[in-house]
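Trainee: Fold the following and give me the result.
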Amino acid sequence: MEISRWALLCFLTGAFTTPAFAADAQKIFSQGGSNPGAIACSTCHGADGLGMPSAGFPRLAGLPADFLTKQISDFRSGSRSNPIMLPIAQALSEDESKALAVMLAKMPSPAVKPVNRAHVAKGPGEIVALRGAWDRNIPECVACHGPSGIGVGATFPPLSGQSAQYLKSQLNAWRQNTRKNDQDDLMGHIARSLTDTEVEAVSQYFAELSK
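Mentor: Okay, the predicted model is just below:
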């Protein structure tokens with residue numbers, strides 16, 4: 001009898017239930033959120049979450065959950081300026097944002113060619129990625145974003161697996177100060193120190209690392 005009472009209490013309090021956000025997140029991703037402005041993520045980012053390179057929409061699949069949560073929050077507050085994402089982020093609740101981030105982080109991401117700092121760097125993109133330009137105080141990209149640009153934790157997202165168009169657009173946003181949601185303006189300094197040729201080349205380099 002005591003066991004039955006305990007089981008009933010657990011059922012009523014939700015202790016036996018699995019987190020509901022997993023199913024909700026899938027619905028939000030494929031159909032949209034509870035508010036009309038929260039359109040389905042798959043509309044722009046693809047059914048697999050790998051983005052739409054030709055349109056400049058980035059990959060979300062496999063990105064760290066904490067990073068994704070922060071970006072949604074930054075879109076919502078306007079600290080990361082984007083006219084498309086602003087109303088969508090504002091239409092998502094905190095619970096929906098977190099649910100989506102957890103689900104997206106678990107989705108399969110592209111395989112990446114292994115490249116480390118010992119690799120001989122050739123061309124402006126590879127040189128910036130692997131060696132930097134320390135005469136202009138530009139660290140190599142892999143110093144923060146990890147070998148092959150696979151990302152490090154919630155602060156430094158993957159670069160490989162994103163399209164060249166998206167990477168270029170973000171570097172230009174940092175350069176133009178229309179994106180400024182990083183700590184101490186680290187990326188702003190780096191992007192503004194790059195030449196147009198280097199921006200184009202390093203974006204193409206990381207895009208081509210995906211197998």
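Trainee: Residue 105 contacts residue 69, correct?
Mentor: No: using CB atoms under 8 Å, residue 105 is not in contact with residue 69, being 9.6 Å away. The way it works is simple: take the backbone N, C-alpha and C, and place the C-beta from them, glycine included.
Trainee: care to break the protein down by domain?
Mentor: 2-106, 123-207 (automatic domain parsing).
Trainee: closest one to residue 115 among those domains?
Mentor: Residue 115 lies closest, by CB to CB, to one member of the domains of the chain: domain 123-207, at 4.8 Å.
Trainee: first vs last residue of the closest one, how far apart are they?
Mentor: Distance between the boundary residues of domain 123-207 (CA to CA, to the nearest Å) amounts to 15 Å.
Trainee: Which neighbouring elements make contact with whichever strand or helix holds residue 87?
Mentor: Assigned by DSSP states H and E, residue 87 belongs to helix 85-91. Here helix 85-91 touches helix 65-77, going by 3 or more CB pairs under 8 Å, 6 or more residues apart in numbering; DSSP states H and E.
Trainee: Report all helices and strands that the helix it packs on contacts.
Mentor: Here helix 65-77 touches helix 85-91, helix 94-106, going by 3+ CB pairs under 8 Å, 6+ apart.
Trainee: so which of the ones you listed is the most packed in?
Mentor: Highest mean neighbour count of the helices and strands packed on helix 65-77: helix 94-106, a mean of 20 (counted as mean count of other CB atoms under 10 Å).
Trainee: in this structure, which segments are predicted with low confidence?
Mentor: Within the chain, the set of residues satisfying pLDDT under 70 comprises 1-23.
Trainee: And the strands in it?
Mentor: Applying DSSP state E to the chain gives no strands.
Trainee: wait, residue 87 sits on residue 33?
Mentor: No: counting by CB under 8 Å, residue 87 stays clear of residue 33, with 11.5 Å between them.
Trainee: quick revisit: nearest to residue 148, out of the helices and strands packed on helix 65-77?
Mentor: Closest to residue 148 of these is helix 94-106 (CB to CB; 18.8 Å).
Trainee: That closest one vs helix 65-77, what angle?
Mentor: 140 degrees (axes from the mean of the first three to the mean of the last three CA atoms, to 10 degrees).
Trainee: For helix 94-106, enumerate the helices and strands it packs against.
Mentor: Applying 3+ CB pairs under 8 Å, 6+ apart, we find helix 94-106 packed against helix 21-31, helix 65-77.
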